[in-house]
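J.: Sequence first, predicted model second:
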Amino acid sequence: MPVKMFSPKRIVTPPYGRTYRKTFNERLRALTAAFLVAILIFYYTMDEYPFCSTCDFAVRDLWEARVDAGNDTLGFHKILALSYGPSWRTRGLIAAADYTGLDIEIPKQTHPTPELVEAFQKIPSDTGKQPSNGSAYAWLAHLDLLKYVITNNLETTLIVEDDVDWDLNIKEQMRLISDNIRRFTEVNSTDSSPYGHSWDILWIGHCGERTEIDTHRIEYDDSAVLPAKVYTGWSNKFMFNIDAGRRAIQEGVNPVCTFGYAVTLKSAEKVLQYAGKGGNEAFDIQLLQGCQAKDLDCLVVNPEVMHHYTPSKELGYASSVYEGDGKGSSSEESQFENIIGGTENILRSARCRVLFGSTCLKDHRDY
């Protein structure tokens, strides 16, 4: 008797049967969820722009600006460090930069001769104040870097001092700064530059700025902002005028210290001409007065996102300016690199994390 072969019975589900309806409902839910996500993304990126024929370009340029602000040069053509040579400062700087993914160049700078420094100190001053020896050295070093910017045709440059420190989350902080500078200065929607071009100096690293209750500004949330009562600096009282957990973008009123500031190629020439004439007590004071007189267009991030790291004073640390002024001398370099110091106003120090595996926020002190 021949063997018969049997095939499994084929089950055909009607097109509007239970299985089809289940699959259809699942797909509908997925499409609805995707649509809602798309709407949220649309409004998040488009809330600053009206409906218009150029909105696609606006979104693209805003996105490019945010991406660039978080790159390895924080959206600038280059980051340059002011330094007179290898030391604990530069070694810590390079380590922190590598750890946080920043590319910082340290150009070789020539030491000004004592005769040049003395001549610079003697330039007549309208205020009657002249730079000390250490301040004159630092001032000339800043002028030297501005010349470097111009000679190398750098469109935008962030200049930092070699003992500068920053938060581990500096890239996200700079994206927030980019977003809000563009809003504050009303950057054209087709301009994809991270910070626009309507400033001569962008001050992101300083040791104090005045923010009055009525100061024109834009504020934004930043989780790395310290409580006002913890902020250390001469301008501590002004921190209470900024909402808790927020930074402000404002015009420069009284910014002091040059831990980190940016210039454009055009403004580098302007700043060089303005500061190159000397005749003041320090480089930062000269710039400050330029901001106040509106000779320079200055934008300030307050509180700052960069501050200088200092070794423990118990080790005999003295700043390079103080050393130049004959007010002390530093201990052996090895001590500074083996014992933790501290950084004011920076929540999660990049230097201390990479060098000591720790944070090193300095305790608040009154000025």
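T.: Nice, I can see it.

J.: Run through the stretch 251-367 of the chain and note the low-pLDDT ranges.
T.: Counting by pLDDT under 70, the stretch 251-367 of the chain contains low-confidence ranges at 315-334, 366-367.

J.: Next, please give the residue ranges for the strands of it.
T.: 260-264, 298-302, 306-310, 342-343 (DSSP state E, counting those that start in this stretch).

J.: Which stretch among these approaches residue 89 most closely?
T.: Proximity to residue 89 (Cβ to Cβ) singles out strand 306-310 among the strands of the stretch 251-367 of the chain, at 8.3 Å. From N, CA and C alone the C-beta is placed, and that goes for glycine too.

J.: tell me what the closest one is packed against?
T.: strand 164-166, strand 201-205, strand 342-343 (3 or more Cβ pairs under 8 Å, 6 or more residues apart in numbering; DSSP states H and E).

J.: Just send the strands of the stretch 251-367 of the chain back as a markdown table, with mean neighbour count and distance to residue 120 too.
T.: A markdown table is the format used below for those (neighbours: other Cβ atoms under 10 Å; distance: least, Cβ to Cβ, whole Å):
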| stretch | mean neighbour count | distance to residue 120 |
| --- | --- | --- |
| strand 260-264 | 26 | 21 |
| strand 298-302 | 26 | 24 |
| strand 306-310 | 24 | 23 |
| strand 342-343 | 22 | 30 |
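
J.: Reformat these into CSV and put distance to residue 124 next to each item.
T.: Output for these, formatted as CSV (distance: least, Cβ to Cβ, whole Å):
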stretch, distance to residue 124
strand 260-264, 26
strand 298-302, 25
strand 306-310, 31
strand 342-343, 38
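
J.: among the ones you listed, which is nearest residue 139?
T.: Comparing the strands of the stretch 251-367 of the chain against residue 139 with Cβ to Cβ, the closest turns out to be strand 260-264 (13.9 Å).

J.: how big is the angle separating that closest one from strand 201-205?
T.: Between the axes of strand 260-264 and strand 201-205, defined by axes from the mean of the first three to the mean of the last three Cα atoms, to 10 degrees, the angle is 160 degrees.

J.: How about residues contacting strand 260-264?
T.: 76, 146, 149, 155-161, 164, 166, 195, 197, 199-206, 271, 287, 304-306 (Cβ atoms under 8 Å, 6 or more residues apart in numbering).

J.: What strands flank that strand, and is each parallel or antiparallel?
T.: Here strand 260-264 has these sheet partners by DSSP bridges: strand 156-161 (antiparallel), strand 201-205 (antiparallel).

J.: Measure how far the direction of it deviates from that of strand 306-310, in degrees.
T.: 140 degrees.

J.: Mean pLDDT added to the strands paired with strand 260-264, as a markdown table?
T.: Below are the strands paired with strand 260-264 laid out as a markdown table (pLDDT from 0 to 100):
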| stretch | mean pLDDT |
| --- | --- |
| strand 156-161 | 99 |
| strand 201-205 | 99 |
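
J.: So for residue 215, which of these sits nearest?
T.: Of the strands paired with strand 260-264, nearest to residue 215 by Cβ to Cβ is strand 201-205, at 14.4 Å.

J.: Quick one: name whatever helix or strand follows that closest one.
T.: Remark: after strand 201-205, the chain's next helix or strand is strand 217-221, criterion DSSP states H and E.

J.: what distance separates that following strand from the centre of its chain?
T.: 15 Å (Cα atoms, centre = their mean, to the nearest Å).

J.: How about stretch 270-289?
T.: On Cα atoms, centre = their mean, the centre of stretch 270-289 falls 22 Å from that of its chain.

J.: Residues touching that stretch, excluding its own?
T.: Here stretch 270-289 has contacts from 120, 123-127, 129-132, 135, 138-139, 142-143, 146-147, 150, 200-201, 252, 254-258, 261, 263, 290, 295-296, 298, using Cβ under 8 Å, 6+ apart.

J.: what about burial for the residues you listed, which qualify?
T.: 120, 130-132, 135, 138-139, 142-143, 146, 150, 200-201, 252, 254-258, 261, 263, 290, 296, 298 (16 or more other Cβ atoms under 10 Å).

J.: got JSON lines for the strands paired with strand 260-264, with distance to residue 172 too?
T.: Rendered in JSON lines, the data for the strands paired with strand 260-264 read as follows (distance: least, Cβ to Cβ, whole Å):
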{"stretch": "strand 156-161", "distance to residue 172": "16"}
{"stretch": "strand 201-205", "distance to residue 172": "14"}
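
J.: Who are the contact partners of residue 170?
T.: 74, 100, 102, 305, 350.

J.: Can you tell me which of those end up in helices?
T.: Here DSSP state H is the test, and these give 100, 350 as lying in helices.

J.: which of the contacts of residue 170 tops the neighbour count?
T.: residue 74 (28 neighbours; other Cβ atoms under 10 Å).

J.: Double-check that residue against residue 102; I have them as touching.
T.: Yes. Between residue 74 and residue 102 there is a contact under Cβ atoms under 8 Å: 7.0 Å.

J.: neighbours around the closest residue to residue 301 other than its chain neighbours, how many?
T.: Counting by Cβ to Cβ, 6 or more residues apart in numbering, residue 204 is the residue found nearest to residue 301 once chain neighbours are left out, at 4.8 Å. Residue 204: 24 surrounding residues under other Cβ under 10 Å.

J.: Surely residue 204 touches residue 306?
T.: Yes. Contact criterion Cβ under 8 Å: residue 204 and residue 306 qualify, at 5.7 Å.

J.: By neighbour count, which bits of stretch 280-295 are buried? Give me those.
T.: Taking 16+ other Cβ under 10 Å as the criterion, stretch 280-295 shows 280, 281, 282, 283, 284, 285, 286, 287, 288, 289, 290, 291 as buried.
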